[in-house]
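# predicted model follows, preceded by the sequence.
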Amino acid sequence: MAERVLVVGGGGREHALAWKLAQSPLVQQVLVAPGNAGTANSGKICNSEVSVNNHCILAQYCKDHSVGLVVVGPEVPLAAGIVDDLTAAGVSCFGPSAKAAQLEASKSFSKSFMDRHNIPTARWSSFTDPQEACEYIRGAEFPALVVKASGLAAGKGVVVARDKDEACQAVLDIMKDKAFGSAGETVVVEELLEGEEVSCLCFSDGVTVSPMPPAQDHKRLMDGDEGPNTGGMGAYCPTPQVSEEELQEIKRSVLQKTVDGMRDEGTPYVGVLYAGLMLTKQGPKVLEFNCRFGDPECQVLMPLLKSDLYEVLKNTLRSDLSSSPVQWLEDGVAVTVVMASGGYPGSYKKGLEITGLSRVSEMGVQVFHAGTALKEGGGVITSGGRVLTVTAVRPTLQNALRCANEAVAAISFPDAVYRRDIGHRAITYLTRTRGLTYKDSGVDIAAGNRLVDLIKPLAKATSRPGCNAELGGFAGLFDLKAAGFIDPILVSGTDGVGTKLKVAQACGLHSTLGQDLVAMCVNDVLAQGAEPLFFLDYFSCGRLDVGVASSVIGGIADACQMAGCALLGGETAEMPGVYGPGEYDLAGFCVGAVERGAVLPRLRDITEGDLLIGVASSGLHSNGFSLVRKVLERLDLQYGSPAPFGLPGQSIGDVLLTPTKIYSRLLQPILRSGAVKAYAHITGGGLLENIPRVLPPELAVDLDASRWRIPSVFSWLFVHGCVSEEEMSRTFNLGLGAVLVVSRPEGQRVLRLLRAHEEAWVIGSLAHRQPGSECVVIRNLERSLKMSPGRSPDTSALQNGSLPGEQSSRKRTRVAVLISGTGTNLQALMEQAKKPSSSAEIVVVISNRPGVTGLKRASMAGIQTRVVDHKQYGSRAEFDGTIDRVLEEFGVELVCLAGFMRILTGPFVRKWSGKMLNIHPSLLPSFKGVNAQKQALQAGVRVTGCTVHFVAEEVDAGAIVVQEAVPILMTDSEDSLSERIREAEHRAFPAALELVSSGGVKLRDDGRIVWNQSVQG
């Protein structure tokens, strides 16, 4: 059913909007309030006298007259909240909210917003004091000659001064003499930019932007850009000065960034976004934002719009722009010439009769009325400064201008003012003869230099022993001796990220690709046992987008820090014609080193029966994306669609772009220990092709897919993509980013070290390979892929990394030990946890003092260590908070205090109540506090001992878990008694550890012990 539409406004822009809306078969009638002579009773179009300033009256009017859509033309109603009020009243209204309209209503807000979101703009400052503004103008290191009223000034609140004196006079005119009224209470002073000025508008649904063809307005009153500034004396579209590649860059670096920034700040921008830009040598920079169609830009854009404007506006409001691309004429140029009243932009006469309008209608041009009114008794008279906009559409700019000028000459009213040179800059540009530059060929050296400046500090942050990561030379240097190597062998690796690039480019998400690139190269180098030393990147594109490139390379620098290697250099190649708009490619190069005796794989040591330990991937990593994209294409799924796999709220693109894990910091200590015989990076070729690369040819791989967790994305691809088992295992990592080969005796220790930071499982073993048999066999794959996503692996046959029969199926409790010194009790606890029957696994040892013996004991046992130096913290609460974060990081379930000489705060103790043990050298509750052995000797008791208890807020007062008595001998000194108590502690503390970690003892909420006899037995 056709709808009634109301257009708010009365100028040439509103006439053009009504004219275009009336062409839609979905529109029954177009009302214009207040309108003008051109919108009065013209086919479907008629004027309305409803008040647009009283939003309550307007909302009721829309309901009474069945208005299905309100389209707001001017900026003042938008800033006044017309969209908010009508929407709240249930009336559909096209345009941004009042909060979003601040982009135009407040120049100060707009400039601050651009700074916050790295949108390119002129240097600036805002002022409420004219003297401070003039001091800024005179002291600035750049030409601060543009003075703007911060508020709305009908498009005329800008003065471009010729010198500093004129700029200061403009400040005084605006702020003291109120040249633009209250709009000038705050002024913005800007750098004067040089270049071509253009207008780039777009539709925005809050997420997607759909750019319109670029246009150019003519602000000056007279030919040759002479005379005072006006609201606009004409425009043409499209502008040949803006290439398609430049328009795409503007879309990405200005329009999309603005819409994304508004959404991130909680103010989605829905409507038309107008960016006034200067095309400088450094790239496009924003002069100002408007929050509506420009006037007169709208009068050249509407005749070029092929799509149904009504449908475009409704799709924008429905957040559906991405599914319905807006279509524009591709073989036409539009020119509009404004006819203004004599005296404009100053005072002028009204009521002058206009003639010749009927003749123009036969010339194939369109006249959009602005400041016109109907004359009593018939005819049209002037009623404003800008009176008419005469628009012609022709195949070329020159023809369109000629036709528009001919039509203007046919129209007459006294003292009419108009320009005859609209589009002169474009005509000069099109007919220019000048020498070619490198930039003309598509290579922007200045943009490349800007990129280098941006990434230099990022690279510097990756410095490490052997390299200071300074960019700018012809080559990079690395000092192996300074890095601590004695007899090294260099190892190199190179890789890319495949068609994951296409997904990132389609989603507009580029920052995570850096981690993918570094991971693919670093993880390969690790396969030789090497430490990654330095990294180089190669970024190639058709046209350099500094924002995109810096996002990618910033991600590379961050990933280099994660991997422990330096970003030593790189290459950025701009190759016009090789890549399409927005496309780029990546390659990475990593060099590492390994001591000669530690090179992997150790093929001679690998034997039948060795265990295979798998380390979890984050998902697809960077392989198999061509197959994934084909599956999505066949199922007609978009990257923005809700993901049928992954976490709630994630889109398909979010899950697919999960970055590849970097394993260097996790695996290097384990590889250096000599426990690993071989390491396979599961990359292109999947499990079937990558594991055999590190094995002797006479051995085969026996894997059981039920023993590790397969991420849901793989299950979904298998089931819904109809991908075979063999193709899945030959293409994807199936949840395993790395596979280690270890001997059976080392399996448990390696698994514990891995699980301190990452998911890991014993996934199979090596067997003798029979002639003609497969290199890799994966059992239970189909069943595992079809099981519910994210399922836990089946450990009934393989508990804690053991083979069947090696250990009972018991989950080990993750334990942290806090120490301050030598850690003698720590040693006893570690020895207990090493036992196959133990229910405890010590995952981290934390000391409040660096360099103590206990830390060395833990490191030698292959246990992760952390130092949280209490001297570095201003309060106990801050110190305890850091300890707590480390415990959370390691997934700790039980804490043992073994000679930890710090008093913990109440909140910390309460949080870990029932999960923290301490040992005291007496039989509590006797002899609490310090010097317990001395207290016992002085009291003359014949028995003392040690007590393991849960920690409570009161010192040495928690519920008792284990006690062991120690008799006091007649000959005992404090030292000899302390020694015998210490021996008892080495028995009591491990016993208590087992009782609590196995569940044999628990602490109730009332502070009492609960004994579980079945567990103890």
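Noted; the coordinates are in hand. Numbering: from 1, shown residues only.
# so where's the protein shaky on pLDDT?
Low-confidence segments of the chain, defined by pLDDT under 70, span residues 1, 152-156, 433-444, 471-472, 788-810, 1013-1017.
# which ones are touching Ile137?
Going by C-beta atoms under 8 Å, 6 or more residues apart in numbering, Ile137 touches 144-145, 164, 167-168, 171, 189. C-beta coordinates here come from the backbone N, C-alpha and C atoms, glycine included.
# oops, could you answer that again for Val312 instead?
By C-beta under 8 Å, 6+ apart, the contact list for Val312 reads 203, 305, 324, 326.
# returning to that earlier point: buried subset of the contacts of Ile137?
Using 16 or more other C-beta atoms under 10 Å as the burial test, the contacts of Ile137 include 144-145, 164, 167-168, 171, 189 as buried.
# hmm, back to that, pipe the contacts of Ile137 into CSV and attach secondary structure per row.
Written out in CSV, the entries for the contacts of Ile137 read as follows (DSSP: H, G, I helix; E, B strand; the rest coil):
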residue, secondary structure
Ala144, coil
Leu145, coil
Lys164, helix
Ala167, helix
Cys168, helix
Val171, helix
Val189, strand
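# next, format the residues you listed as a markdown table and append distance to Ile45.
Shown next, in a markdown table, are the contacts of Ile137 (distance: C-beta to C-beta, whole Å):
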| residue | distance to Ile45 |
| --- | --- |
| Ala144 | 46 |
| Leu145 | 44 |
| Lys164 | 50 |
| Ala167 | 45 |
| Cys168 | 48 |
| Val171 | 44 |
| Val189 | 43 |
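# which one among those gets closest to Pro465?
Proximity of those to Pro465 (C-beta to C-beta) peaks at Ala144, which lies at 46.7 Å.
# for the closest one, give me its contacts.
By C-beta under 8 Å, 6+ apart, the residues touching Ala144 are 123, 136-137, 164, 167, 189-192.
# what helix or strand does Lys148 sit in?
strand 146-149 (DSSP states H and E).
# partner strands of that strand and their direction?
Looking at strand 146-149 with DSSP bridges, its partner strands are strand 158-160 (antiparallel), strand 187-190 (antiparallel).
# and the strands in the stretch 101-250 of the chain?
Assigned by DSSP state E, counting those that start in this stretch, the strands in the stretch 101-250 of the chain fall at 124-127, 146-149, 158-160, 187-190, 196-205, 209-211, 216-217, 220-222, 226-229, 234-237.
# in JSON lines: those strands, plus distance to Gln29.
Formatted as JSON lines, the entries for these read as follows, by distance: least, C-beta to C-beta, whole Å:
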{"stretch": "strand 124-127", "distance to Gln29": "45"}
{"stretch": "strand 146-149", "distance to Gln29": "38"}
{"stretch": "strand 158-160", "distance to Gln29": "38"}
{"stretch": "strand 187-190", "distance to Gln29": "42"}
{"stretch": "strand 196-205", "distance to Gln29": "23"}
{"stretch": "strand 209-211", "distance to Gln29": "27"}
{"stretch": "strand 216-217", "distance to Gln29": "31"}
{"stretch": "strand 220-222", "distance to Gln29": "37"}
{"stretch": "strand 226-229", "distance to Gln29": "37"}
{"stretch": "strand 234-237", "distance to Gln29": "28"}
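# what about Ile863, how many neighbours?
24 (other C-beta atoms under 10 Å).
# I figured it hits Val845, correct?
Yes: proximity of Ile863 to Val845 meets the contact threshold set by C-beta atoms under 8 Å, at 5.7 Å.
# which of the strands of the stretch 101-250 of the chain sits closest to Ala678?
With C-beta to C-beta as the measure, strand 209-211 is the member of the strands of the stretch 101-250 of the chain nearest Ala678 (50.6 Å).
# buried set for stretch 234-245?
Buried residues in stretch 234-245, counted by 16+ other C-beta under 10 Å: 234-242, 245.
# what's the neighbour count on Pro967?
A total of 11 residues lie near Pro967 under the criterion other C-beta under 10 Å.
# make residue 1 into 13 and carry on from there
Okay, using 13 as the starting number, the last item reads as Pro979.
# skipping its backbone neighbours, what lies nearest it in space?
Here the nearest residue to Pro979 in space, its sequence neighbours aside, is Val955; by C-beta to C-beta, 6 or more residues apart in numbering that works out to 5.6 Å.
# which helix or strand contains the residue nearest to Glu208 when sequence neighbours are not counted?
Among residues not flanking Glu208 along the chain, Leu291 sits closest, at 4.4 Å (C-beta to C-beta, 6+ apart). Secondary structure from DSSP H and E places Leu291 in strand 282-292.
# same thing with Leu765?
Using DSSP H and E, the secondary-structure element containing Leu765 is helix 756-767.
# quick one: strands adjacent to whichever helix or strand comes after that helix?
Downstream of helix 756-767, the first helix or strand assigned by DSSP H and E is strand 772-780. Sheet partners assigned to strand 772-780 using DSSP bridges are listed as strand 623-628 (antiparallel), strand 711-716 (antiparallel).
# wait, which of those strands is closest to Ser1009?
With C-beta to C-beta as the measure, strand 623-628 is the member of those nearest Ser1009 (23.3 Å).
# after the closest one, which helix or strand is next? Please name it.
As the chain continues past strand 623-628, the following element, by DSSP H and E, is helix 637-646.
# residue contacts, the nearest residue to Thr367 once chain neighbours are set aside?
Once flanking residues are discounted, Thr367 sits nearest to Ser424: 5.0 Å by C-beta to C-beta, 6+ apart. Going by C-beta under 8 Å, 6+ apart, Ser424 touches 366-368.
# ok, and the most crowded of the residues you listed?
Using other C-beta under 10 Å as the neighbour definition, the contacts of Ser424 reach their maximum at Ile366, which records 23 neighbours.
# how about the secondary structure of it?
strand.
# give the bridge partners for it, please.
As for beta bridges, Ile366 partners with Val392 under DSSP bridges.
# residue contacts, it?
Taking C-beta under 8 Å, 6+ apart as the test, what Ile366 contacts is 384, 391-394, 399-400, 423-425.
# what of Val963?
909, 916, 921, 924-925, 928-930, 970.
# against Glu482, how distant is Ile467?
12 Å (C-beta to C-beta, to the nearest Å).
# which one's more surrounded, the two?
Under the criterion of other C-beta under 10 Å, the comparison of Ile467 against Glu482 puts Ile467 first, with 22 against 15.
# what's the closest of the strands of the stretch 113-262 of the chain to Arg641?
From the strands of the stretch 113-262 of the chain, taking C-beta to C-beta, the stretch that ends up closest is strand 221-223, at 23.9 Å.
# appreciated, that's everything.
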